[in-house]
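Asks: just coords:
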């Protein structure tokens, strides 16, 4: 079977350095205040000038599309993954620290006691006010915003709706904030020359990391902690690196010009297209139902296909002879039987036309929202193996296919459920969660559910990369922190960061069990 699934991608004055595309997942970025430079560091420590000619450069933050935002004295700049530079917001009062939420809203602490919120289109509003000297910002996995208040010597927690509570107090000039992969919050406690950590309920760890005049903290995906030591007081103009479990840091970079904020480039490849193969049959819950979500602000063009007869060339002995595809949108339902009956020329121009005239396809531009694609057979030929696919054809807009979830019958042999996906189009890595649900579908009224699903993740060569039966047995913390752990302990999940390429996720029942199951792939960039 062809491996398939989702997609994303993504000027100012001539005094700026030539536009340069961003690096790879795991690269560290540092705002060098005195030199007006943003430096990029490879994991080896090699330093690369990424942007020069800036003035009063301070805050740094990546959104989940891969745009890098840079706070200056009175403006915020936006640098796209391809290197295009523009002014995102102006007439500000010192956007010192920045952070982006999962919906790609940008938050900035200013010098008037406010935390500002900007939509992806740059519309500004006041998220919080009345703070003393707000500094570092960080979001937890559940969308709560944590703010280090330098003047109040405290860390405040704001719910997604803006409700404020005190998370920690008794600090000494707290500035930078960062969460580790276990949900613990780290703070640069500048006045004491320490980096301190708090567990998710606000209890301070006894261990601290000693760094002269720490300002910013950041974690890479391996759990290494980076801390900037600025040029004030006893600061050393350096960046220190602490490996997991080690209290003494090593100098990662030195000779800098007052290093302020740090940020690690996240994995940001998109799911370029997605598909699920499963058996279609007669009776309740026997169709293949694919749901997908488009997030962002702009409409996106996608091609949806229902494949059956051509699967025989891949060795499938019972393909669905003549699939019918239905797309359900808020505005109504679009149906296609044979793809050449409508949109023939437009579909051919994509280069992705189905290989058999009896197969179905719909080419459509969709606004952000939730959609459902249903594949069934004709009444006289209702049964067989089919594939439902979604291709993202528009990498130029800020919207993305955030997930795909497909429900169908999970059998044995060639009738197992197979989800395929392609990762690419970004910086060489994509982070996803793959879930296989069964028992919890009964809560939605589905009968005959798969009682104990498993997931096997394989690469394009068939090499097994991961396996999971019950999700809490492996990666419980990583899965829980995504905010979408499976509802039932017998269901399965895998969280992983993968290089660009083709992958398949196979859902089967324990001890050859069968029943209705659901496979999902979520883009966690």
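Replies: Great, that's in hand. Computed from a predicted structure; not experimentally measured.

Asks: Which of the helices and strands in this structure ranks last by mean pLDDT?
Replies: Of all helical and strand segments in the chain, the minimum by mean pLDDT, DSSP states H and E falls on strand 270-280, at a mean of 79.

Asks: Give me the next element, helix or strand, following that strand.
Replies: Next helix or strand after strand 270-280 toward the C-terminus (DSSP states H and E): strand 288-295.

Asks: list the helices and strands that following strand packs on?
Replies: strand 270-280, strand 369-377, strand 384-392, strand 400-410 (3 or more C-beta pairs under 8 Å, 6 or more residues apart in numbering; DSSP states H and E). In short, each C-beta sits where N, CA and C put it, glycine included.

Asks: 6 Å instead, please
Replies: If contacts are counted by 3 or more C-beta pairs under 6 Å, 6 or more residues apart in numbering; DSSP states H and E, strand 288-295 sits against strand 369-377, strand 384-392, strand 400-410.

Asks: Reformat those as JSON lines; add mean pLDDT.
Replies: Below are the helices and strands packed on strand 288-295 laid out as JSON lines (pLDDT from 0 to 100):
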{"stretch": "strand 369-377", "mean pLDDT": "92"}
{"stretch": "strand 384-392", "mean pLDDT": "90"}
{"stretch": "strand 400-410", "mean pLDDT": "82"}
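
Asks: Out of those, which gets nearest to residue 165?
Replies: Counting by C-beta to C-beta, residue 165 lies closest to strand 400-410 out of the helices and strands packed on strand 288-295; the figure is 29.4 Å.

Asks: Which neighbouring elements make contact with that closest one?
Replies: strand 270-280, strand 288-295, strand 515-523.

Asks: related to what we said a few turns ago, any idea of the angle the least confident helix or strand of the chain forms with strand 400-410?
Replies: 20 degrees (axes from the mean of the first three to the mean of the last three C-alpha atoms, to 10 degrees).

Asks: Residues in contact with strand 270-280: which ones?
Replies: 1, 4-8, 288, 320, 377, 385-391, 404, 406, 408-409, 411, 415, 417-422, 424-426, 523 (C-beta atoms under 6 Å, 6 or more residues apart in numbering).

Asks: Make a PyMOL selection of whichever of those residues turn out to be buried.
Replies: Filtering these down to the buried ones (16 or more other C-beta atoms under 10 Å) takes a single PyMOL command:
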select buried, resi 1+4+5+6+7+8+288+320+377+385+386+387+388+389+390+391+404+406+408+409+411+415+417+418+419+420+421+422+424+425+426+523
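
Asks: Okay, residue 148 and residue 142: tell me how far apart.
Replies: 19 Å (C-beta to C-beta, to the nearest Å).

Asks: let me fix that: residue 350
Replies: 39 Å.

Asks: pLDDT weak spots in the stretch 151-300 of the chain?
Replies: Applying pLDDT under 70 to the stretch 151-300 of the chain flags the ranges 272-273.

Asks: Tell me where it has strands.
Replies: Assigned by DSSP state E, counting those that start in this stretch, the strands in the stretch 151-300 of the chain fall at 154-158, 164-168, 174-179, 185-189, 194-198, 204-210, 214-219, 225-229, 238-242, 250-253, 259-264, 270-280, 288-295, 300-307.

Asks: out of those strands, nearest to residue 463?
Replies: That would be, of the strands of the stretch 151-300 of the chain and by C-beta to C-beta, strand 270-280, which comes in at 19.4 Å.
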